[in-house]
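*Asks:* generate coordinates for the sequence data below:
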Amino acid sequence: MPIDEKLITMEVLNNTLAREVYPELRVVTAPKMGKVRTVYDLGDDRMIMISSDNLSTHDVVHKRQVYGKGENLDAISGYYFDAAEHIIPNHLIETLAPNVWLVQKAKPILVEMVFRKYLTGSGWRDYVKNNGPEKGSEFCGVDLRSGYRRNEMLDEVIFTPTGKGLAGDFDIPEFQGMDPKIDDPKITIDIIRRNYGAFGLGKPEDLDHVMEKAFVLYTFIHEDLGRKGHLLADTKWEFGYMPDGGIALIDECVTPDSSRFWKADAYAFNPAKNEFTIVQDDKQHFRDYVEKLGLQTADMKAELAAHVMDDEVLRQGVVKYCNIREAIAGTLPVIATDPRKDAVLAALSDAGFLR
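*Replies:* Numbers count the residues shown, from 1 in each chain. This next block holds a predicted model:
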């Protein structure tokens, strides 16, 4: 049953969990803060991950948060971590509370493992730029035939990796002369194999293991989403080495922030536009809002960071995140006005992780 939109009052909209450091946590090193999550090293091969309600689009963290976003994304990831554990292990040990995970510490592989089943987004833009519709083209080392239309399903799932970080973070020949500030630079399987150590891989064949597991994982989740009325257009995963040397899925798994979800019943070919019609059910709601304001370009980052998002846009986003969680995981968040931070600290105290 969809979320009752009447519950999303102004008081609720403003009751978000901001990204911050919790000095009360007993840790061995300074916490690491990402755009959304903060990670705390407990010193015993375990970590605490706290997912804020921060919203990031166009490489900018927005001024306002989205109520329940961190909890909803964690619930979706937790669902797929559990459902797909027979394919590959993951780092989640326990959900201590909404927004709070206890996870196994991992050494990350420095590759964004991007997988695509449909030609859309940057893949489509690159395809058009290289005259792919007429002649075919190559994207991240993958040969694409001619004749694809926008948003069309590919002949097979493809792997189009990027480096995890800035180009300047990788001392490899292929990035010489590249702008060191380019984020998540496009790479190929061959580039990873030639420079496997720079990408955090223990040996070249570990990439083959990850790819094999990831293709199976994509098929499994695409089929699961299909039964729930959605198509998985593309997604990105992160993998890492566990303390025992095994490779596991880390970070998040097929959330509205890391993936494109399309409504299955709306997907159809439009001959007038010579493309496939899609209705996205993910973070695109917020990207569209930013792009209508013209704040999506690199020279507008300061303006975007300072912009105060409209209440109704936020409310619609809250509803979307809640409903996609319900469609996938079968659960909804408890809508409350009690301070979110208090719940986080109470859970950490109960688990014995505070000073």
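*Asks:* the residue nearest to residue 97 when sequence neighbours are not counted: what's it in contact with?
*Replies:* Leaving out its chain neighbours, the residue that sits closest to residue 97 by CB to CB, 6 or more residues apart in numbering is residue 347, at 3.3 Å. (Each C-beta comes from the backbone N, C-alpha and C, glycine too.) By CB atoms under 8 Å, 6 or more residues apart in numbering, the residues touching residue 347 are 96, 97, 100.
*Asks:* what strand or helix carries residue 347?
*Replies:* helix 340-350 (DSSP states H and E).
*Asks:* residues in contact with residue 25?
*Replies:* Residues counted as contacts of residue 25 (CB under 8 Å, 6+ apart) are 31, 40, 48, 348, 353, 354, 355.
*Asks:* that older thread, tell me which of the contacts of residue 347 fall in helices.
*Replies:* Of the contacts of residue 347, none are assigned to helices by DSSP state H.
*Asks:* quick revisit: buried ones in the helix holding residue 347, by neighbour count?
*Replies:* Neighbour counts using 16 or more other CB atoms under 10 Å place 340, 341, 343, 344, 345, 347, 348 of helix 340-350 among the buried residues.
*Asks:* so residue 13 sits against residue 318, correct?
*Replies:* Yes. Counting by CB atoms under 8 Å, residue 13 touches residue 318, with 7.1 Å between them.
*Asks:* give me the contacts around stretch 184-200.
*Replies:* 107-112, 140-141, 159-167, 170-175, 178, 201-204, 206-207, 211.
*Asks:* what's the span of that stretch, first residue to last?
*Replies:* From its first residue to its last, stretch 184-200 covers 15 Å (CA to CA, to the nearest Å).
*Asks:* also stretch 239-253?
*Replies:* Start-to-end, stretch 239-253 (CA to CA) is 11 Å.
*Asks:* same check on stretch 347-355?
*Replies:* Note: stretch 347-355 ends 13 Å apart using CA to CA.
*Asks:* now for the residue found closest to residue 202 once you drop the neighbours it is linked to in the chain, how many residues are close by?
*Replies:* Nearest non-adjacent residue to residue 202, counting by CB to CB, 6+ apart: residue 241, 6.8 Å away. By other CB atoms under 10 Å, 19 other residues sit near residue 241.
*Asks:* ok, residue 228 next?
*Replies:* By other CB under 10 Å, the residues close to residue 228 number 14.
*Asks:* got a list of what it touches?
*Replies:* 327, 328.
*Asks:* helix, strand or coil for it?
*Replies:* Following DSSP: H, G, I helix; E, B strand; the rest coil, residue 228 is assigned to coil.
*Asks:* can you say which two of the buried residues of helix 340-350 are spatially most distant?
*Replies:* Using CB to CB, the pair of the buried residues of helix 340-350 lying farthest apart is 340 and 348, separated by 13.0 Å.
*Asks:* which ones are touching residue 36?
*Replies:* Per CB under 8 Å, 6+ apart, neighbours of residue 36: 19, 51, 52, 54, 56, 70, 257.
*Asks:* dump the residue contacts of the third one.
*Replies:* Remark: with contacts taken as CB under 8 Å, 6+ apart, residue 52 is in contact with 16, 17, 18, 19, 20, 36, 37, 38, 65, 70, 99.
*Asks:* the last one contacts residue 50, correct?
*Replies:* Yes. If you go by CB under 8 Å, residue 99 and residue 50 touch, sitting 5.9 Å apart.
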